[in-house]
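>>> model this:
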Amino acid sequence: MFNVFSFKKRTKLGRFLDRNGVTQEELVKQSKVSRNTISKLCSDDEYTPNVSTMRKILNAIRKIDPKVKSDDFWGM
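Numbers count the residues shown, from 1 in each chain. Okay, the predicted model is just below:
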C-alpha cells in the first residue's frame with residue numbers, strides 16, 4: 001500500500017528528470033548550477049530561476065531532449 005505522504009513534491013522539471021532517469025546531481029554537474037538551486041527548482045512550484053540560471057539548465061537538458069523550451073518548466 002502506498003503512503004501518500006512518502007512521495008516528494010515535484011515540479012515539471014523534477015518530473016522531467018524522473019521520467020528521463022536523470023538525477024539532480026547529474027544536472028548539477030552538467031549545468032554548473034548549485035545543488036540547492038536545482039533542488040528548489042525540482043520541488044518548489046513558486047520558484048523561478050533568473051535568466052542565466054535558466055539558460056544553463058536548458059542547455060544541459062537539451063542534451064537529453066533538444067526540443068525542450070523554458071515554457072515546458074517555467075511560466076513566463
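
>>> can you give me the helices for this structure?
Ranges of helices within the chain are 12-19, 24-31, 35-43, 51-61, based on DSSP state H.

>>> Now render those helices as TSV, adding mean pLDDT.
Formatted as TSV, these follow (pLDDT from 0 to 100):
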stretch	mean pLDDT
helix 12-19	93
helix 24-31	96
helix 35-43	95
helix 51-61	95
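
>>> which non-adjacent residue is nearest the residue nearest in space to the middle of the chain?
Of all residues in the chain, the one closest to the mean position by CA atoms, centre = their mean is residue 13, 3.3 Å from it. Nearest-residue entry for residue 13: residue 73, 4.6 Å, with adjacent residues in sequence omitted and distances by CB to CB, 6 or more residues apart in numbering. (C-beta placed from N, C-alpha, C; glycine too.)

>>> Name all residues that make contact with that neighbour.
11, 12, 13, 16, 41 (CB atoms under 8 Å, 6 or more residues apart in numbering).

>>> Would you check that residue 49 makes contact with residue 42?
No - at 11.5 Å, residue 49 does not count as touching residue 42 under the criterion of CB atoms under 8 Å.

>>> Give me the local confidence score for residue 67.
pLDDT recorded at residue 67 is 94.

>>> So what's the residue count around it?
Neighbour count for residue 67, taken as other CB atoms under 10 Å: 6.

>>> For it, what are phi and psi?
Listed backbone geometry of residue 67 is phi -90, psi 0, with angles given as degrees, to the nearest 10.

>>> returning to what we had before: relative to residue 19, how far out is the residue nearest to the centre of the chain?
Counting by CB to CB, to the nearest Å, the gap from residue 13 to residue 19 is 11 Å.

>>> cool, and residue 37?
Applying CB to CB to residue 37 and residue 19 gives a distance of 21 Å.
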